[in-house]
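> what's the 3D shape of this:
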Amino acid sequence: MADLSAVRQELRNRNLSSSFGELPCTSSQKEEQQKLAVPFCGGIRGGMRPGKKITIMGVMNADPDSFDISLTCGCGDVALDMCVQFEDREILRNACVSDNWGEEERSIPYFPFIAEQPFRVEIHCEHSRFRVLVDGHQLFDFYHRVTPLTAIDTIQISGGLTITKLN
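Now for the predicted structure:
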């Protein structure tokens, strides 16, 4: 998780604040790619709420080490930190509330990511949890540790991947 902290600090230093909720429909492909450059930091319009879904589509790099997807309250609390580690074929999940990291979760039924292959991650916000699917198959549930859900207003993505679409 230390590497993720360094990425977050770098994003704050660069003041990246694009919002995937506000991408123009008529932008050129080059502009779109720049807006989805990794590391990425964007706003979640209106914050999270039950029924809201975030979809991340991308392609893994040729020799990926890891990648992270985090849902945060601005630059403060981390509601969901999902760290995908290829060497150990695991996906670590955690939350940080008031500068305190909680208990890490790592149990998954399978490891869905393959080098140089496309993927689709869906993060469904439900009343009590985030339900995460990869390529249409449920991977894990992560119960909310941060409230209110509407305070979760930022998504950060970093690591060995290319983002092709973000809704």
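> next, name the residue at the spatial heart of the chain.
What sits nearest the mean C-alpha location of the chain, by Cα atoms, centre = their mean, is Ile69, with 2.4 Å.
> I'd assumed Ile155 was in contact with that one.
Yes - between Ile69 and Ile155 there is a contact at 7.1 Å, judged by Cβ atoms under 8 Å. Glycine gets a C-beta too; all of them are placed from N, C-alpha and C.
> which pLDDT value belongs to the residue nearest to the centre of the chain?
If you check Ile69, the pLDDT there is 98.
> does it lie in a helix or a strand, and which?
Take DSSP states H and E as the rule and Ile69 turns out to sit in strand 66-72.
> for the protein, what are the low-confidence residue spans?
1-35 (pLDDT under 70).
> returning to what we had before: which residues sit against the strand holding Ile69?
With contacts defined as Cβ atoms under 8 Å, 6 or more residues apart in numbering, strand 66-72 is touched by 3-4, 7-8, 44, 48, 54, 56, 60, 78-86, 121, 123, 130, 152-161.
> quick one, which of those residues are buried?
When neighbours are counted using 16 or more other Cβ atoms under 10 Å, the contacts of strand 66-72 contain these buried positions: 4, 7-8, 44, 48, 54, 56, 60, 78-86, 121, 123, 130, 152-161.
> among those, which are in strands?
Using DSSP state E to define strands, the subset of those located there is 54, 56, 60, 78-85, 121, 123, 130, 154-159, 161.
> return the residues in contact with the closest residue to Phe40 other than its chain neighbours.
Take Phe40 and drop its neighbours on the chain: the residue closest to it by Cβ to Cβ, 6 or more residues apart in numbering is Ile157, 4.4 Å away. Taking Cβ under 8 Å, 6+ apart as the contact definition, Ile157 lies against Val38, Pro39, Phe40, Ile56, Phe67, Asp68, Ile69, Ser70, Ile163.
> so who does the nearest residue to the last one once chain neighbours are set aside touch?
What it means is Ile163. In space, not counting the residues next to it along the chain, Ile163 is nearest to Leu36; the distance is 4.2 Å by Cβ to Cβ, 6+ apart. By Cβ under 8 Å, 6+ apart, the contact list for Leu36 reads Phe20, Ile163, Thr164, Lys165, Leu166.
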